[in-house]
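Student: Need the 3D shape of this:
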Amino acid sequence: MTESARAAMDRRKWLLRLIYVRLFAFSGFIIIPWLTGKFDGITTNDMFVLLGAVFAFSACWFALIRLNTHYVAQAYAQIIFDLFLITWTVNRTGGVDSYFSNLYFLEIVISSILLERRGAFLAGTLSSLIHFAHLDLVKFGTISSTGAESSLDWPDLQFIISVNIFGYCAVAYLSNYLAESLRHAGAQLKKSTGQMAFLQAFSDRIFDSMGSGLITTDGGGRIYLFNRAAENITGRGMDEALHMTIRELFPEIQQDHAMRFETWTRRTNGKEIYLRFSVSPVMIDDKDTAGYVWCIDDLTELRLLERQVRQKEQMAAIGTMSAGIAHEIRNPLASITGSFNLLQSELQLSPDQGRLAAIITRETDRLNRTITEFLSYARTPAPKARSIDLSNLISETVSLMRNSPELKPTHSIDTRLESVTRSVDESMMRQVFYNLATNAFRAMPNGGRLTIRLEARNGGARIQFEDTGKGMDEEELKKLFVPFNSSFSKGTGLGLPIVYQIVNAHNGTISVKSRRGIGSVFAIDL
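Tutor: Predicted structure coming up:
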């Protein structure tokens, strides 16, 4: 709303108030004293004429305000009409002795509010002139009156008129000053209120726009403020959180926690998250604390990335060292195998010796395969990529898995695949899918469901292998991609490290989420 429109609305309100003041003032000043017998200076006929005129003209003014928006002209008209109405009332209720002359002061005050300085000057001047003319005309007998001014000496009458005129001018000046001060204070208040509302809205917007969770509590830990980031981190709405304490929200927080600490906790959906807390006291003075501000950051993804970096560094170091060792073992092993086969072909072995020879042959072959796999892991060749529909590749791998000895009747495979085309090495990715599916079945020795998902995400592809197996704890997750670290009796401990190497060679990432007794989710982002 513009300033002119706001001023017009204020003037309309004061015009309506003037109508109400006129009705109550004239009614009160006439009817109450007349009923209580306080004065008999007004006849019944004059009283009804006066009240009739007041109510009739007030109804006209009220209708005019509804129909016309020229509020300034209406204000001038009402003020002039009221001054003559007051003068007539003074004339019929005792003239110079009438207490209705006090209504001039009321009219001057309302005029200064309605029409500002011009209104105060107009009402003060007209009141003085009309009052002076009225009493002098009565003195000279030009008009009749119920008052005693005709019997007063000329100097006494002029003194009374002068005192009244001085009062009218003084009230006009003071009411104008007070009205100007009131308007200035109102403008300043509106400006300050607007600034306060803007600052409040701005601070609320900042509070909700912060990337970190922000919570404020009192000294006992009861929550008072809870921003949108805190809702996203905790999975709880603000209305719910405001009925809780900080330790009900985060049970992991202890009484003796430092002002900065990190801890694992759970969201409302059971998902584990790793949070960093920064706590600052809200100080009243140097000693007293009103509460605390809790700044919370979700570092879960950062922790996962740190784990992947550590795994990559660990595997790179192990791979570099072990590749040389594997070469040193493989060459003598080949000589031993060849020599043993030559001796076996030339010697006549007893049945027991034959069984021992078979064990030696089988174990040397197994050792040779292990070394071959390890060298394949340590020296992953560059992918020979070509554009291929990953959904078809996964479907073909699933078909192979259905005939695998790892798949039991108690196992089931559920695929939810979108058609996503990416440039990959078909043979390598098939090995990745096969290894992940094999691991999933081994993690479900008593049966379970393997769910494979493929979806387009952020211009790439996300592949998930989710099982309902025994799951892993934090320590097992740390060693998951370390070579020769197998939790299965049949494994060499190289399947997942090879998967990691292949995904990394495709400039992709692999992450794992697992809970003991619930299952694991392996997610590949290409």
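Student: ok now stretch 67-82, how far from the chain's centre?
Tutor: Relative to its chain's centre, stretch 67-82 lies at 50 Å (C-alpha atoms, centre = their mean, to the nearest Å).
Student: again but with stretch 125-132, I slipped
Tutor: 64 Å.
Student: Output that stretch as PDB, restricted to C-alpha atoms.
Tutor: The C-alpha coordinates for stretch 125-132 follow below in PDB (Å, rounded to 0.1, in the frame of the first residue of the first chain):
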ATOM      1  CA  THR A 125      -9.300  30.600  13.800                       C
ATOM      2  CA  LEU A 126     -12.900  29.800  13.000                       C
ATOM      3  CA  SER A 127     -13.600  29.000  16.700                       C
ATOM      4  CA  SER A 128     -12.200  32.300  17.700                       C
ATOM      5  CA  LEU A 129     -14.100  34.300  15.100                       C
ATOM      6  CA  ILE A 130     -17.400  32.500  15.500                       C
ATOM      7  CA  HIS A 131     -17.200  32.700  19.300                       C
ATOM      8  CA  PHE A 132     -16.300  36.400  19.200                       C
END
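Student: Give me the helices and strands touching the lengthiest helix in the chain, please.
Tutor: Using DSSP state H, we find that the single longest helix of the chain is helix 154-209. Under the contact definition 3 or more C-beta pairs under 8 Å, 6 or more residues apart in numbering; DSSP states H and E, helix 154-209 sits against helix 103-139, helix 228-234. For glycine as for every other residue, the C-beta is placed from the backbone atoms N, C-alpha and C.
Student: okay, the angle between it and helix 103-139?
Tutor: 160 degrees (axes from the mean of the first three to the mean of the last three C-alpha atoms, to 10 degrees).
Student: so where's the stretch 301-450 of the chain shaky on pLDDT?
Tutor: 311-312, 314-328, 330-331, 373-381 (pLDDT under 70).
Student: mind redoing it with 80?
Tutor: Of all residues in the stretch 301-450 of the chain, those with pLDDT under 80 make up the ranges 304, 307-358, 361-383, 402-406.
Student: how about the helices in it?
Tutor: Here the stretch 301-450 of the chain has its helices, by DSSP state H, counting those that start in this stretch, at 351-378, 390-401, 426-442.
Student: Find the one among these with the highest mean neighbour count.
Tutor: Neighbour counts (mean count of other C-beta atoms under 10 Å) averaged over each of these peak at helix 426-442, with a mean of 21.
Student: Grab the CA positions of that one and hand them over as CSV.
Tutor: The C-alpha trace of helix 426-442 is given here as CSV (Å, rounded to 0.1, in the frame of the first residue of the first chain):
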residue,chain,number,x,y,z
GLU,A,426,32.2,-56.2,-21.5
SER,A,427,34.4,-59.0,-20.2
MET,A,428,35.5,-57.0,-17.2
MET,A,429,32.1,-55.9,-16.2
ARG,A,430,30.7,-59.4,-16.6
GLN,A,431,33.4,-60.5,-14.1
VAL,A,432,32.4,-57.7,-11.7
PHE,A,433,28.7,-58.7,-11.8
TYR,A,434,29.5,-62.4,-11.4
ASN,A,435,31.8,-61.8,-8.5
LEU,A,436,29.3,-59.6,-6.7
ALA,A,437,26.5,-62.1,-7.2
THR,A,438,28.7,-65.0,-6.0
ASN,A,439,29.6,-63.1,-2.9
ALA,A,440,26.0,-62.4,-2.2
PHE,A,441,25.0,-66.1,-2.4
ARG,A,442,27.9,-67.0,-0.1
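Student: Make residue 1 into 577 and carry on from there
Tutor: That works, and once the first residue is 577, the last one we named lands at helix 1002-1018.
Student: Report all helices and strands that it contacts.
Tutor: The contact analysis (3+ C-beta pairs under 8 Å, 6+ apart) places helix 1002-1018 against helix 966-977, strand 1024-1033, strand 1036-1043, helix 1071-1081, strand 1095-1101.
Student: hmm, 6 Å instead?
Tutor: When contacts are defined as 3 or more C-beta pairs under 6 Å, 6 or more residues apart in numbering; DSSP states H and E, helix 1002-1018 sits against helix 966-977, strand 1036-1043, helix 1071-1081.
Student: name the helices or strands packed onto the longest one?
Tutor: Right, helix 966-977. Secondary-structure packing of helix 966-977 (3+ C-beta pairs under 6 Å, 6+ apart): helix 1002-1018.
Student: before we move on, the earlier item: could you dump the helices and strands packed on helix 730-785 to JSON lines with distance to R642, mean pLDDT and mean neighbour count?
Tutor: Formatted as JSON lines, the helices and strands packed on helix 730-785 follow (distance: least, C-beta to C-beta, whole Å; pLDDT from 0 to 100; neighbours: other C-beta atoms under 10 Å):
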{"stretch": "helix 679-715", "distance to R642": "18", "mean pLDDT": "80", "mean neighbour count": "21"}
{"stretch": "helix 804-810", "distance to R642": "48", "mean pLDDT": "86", "mean neighbour count": "19"}
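Student: Go through the ones you listed and name the closest to L591.
Tutor: Evaluated with C-beta to C-beta, the helices and strands packed on helix 730-785 place helix 679-715 nearest to L591, the distance being 7.0 Å.
Student: one step back: out of the helices and strands packed on helix 1002-1018, nearest to V648?
Tutor: strand 1036-1043 (70.6 Å).
Student: Next SSE downstream of the host helix or strand of F624?
Tutor: When elements are assigned from DSSP states H and E, F624 belongs to helix 620-643. On the C-terminal side of helix 620-643, the closest following helix or strand by DSSP H and E is helix 647-668.
Student: Remind me what that next one packs against, helices and strands.
Tutor: Packed against helix 647-668, as judged by 3+ C-beta pairs under 6 Å, 6+ apart, are the following elements: helix 579-612, helix 620-643, helix 679-715.
Student: report the angle between the axes of the longest one and helix 647-668?
Tutor: Going back to what we said before, that points to helix 679-715. Angle of helix 679-715 versus helix 647-668, following the same axes, to 10 degrees, is 50 degrees.
Student: helices and strands around helix 679-715, which ones?
Tutor: helix 579-612, helix 647-668, helix 730-785.
Student: Could you tell me which residues within the following helix or strand past the last one count as buried?
Tutor: Going down the chain from helix 730-785, the next helix or strand is strand 789-794, by DSSP H and E. Of the residues in strand 789-794, those with enough neighbours to count as buried (16 or more other C-beta atoms under 10 Å) are 789-793.
Student: Give me the residues contacting stretch 1011-1024.
Tutor: 977, 982-983, 986-987, 1026, 1041, 1043-1046, 1064, 1071, 1075, 1098 (C-beta atoms under 6 Å, 6 or more residues apart in numbering).
Student: Quickly check those residues for the two that are furthest apart.
Tutor: Greatest spacing in the contacts of stretch 1011-1024, by C-beta to C-beta: T986 and V1075 (24.8 Å).
Student: who has more neighbours, those two?
Tutor: Ranked by neighbour count (other C-beta atoms under 10 Å), T986 and V1075 place V1075 first, with 23 against 11.
Student: Distance check, that one against E994.
Tutor: Here the criterion is C-beta to C-beta, to the nearest Å. By it, V1075 lies 22 Å from E994.
Student: circling back to that earlier point, chain center to the longest helix of the chain, what's the gap?
Tutor: That offset, for helix 730-785, works out to 40 Å (C-alpha atoms, centre = their mean).
Student: what's the average pLDDT for it?
Tutor: Averaging pLDDT along helix 730-785 gives 79.
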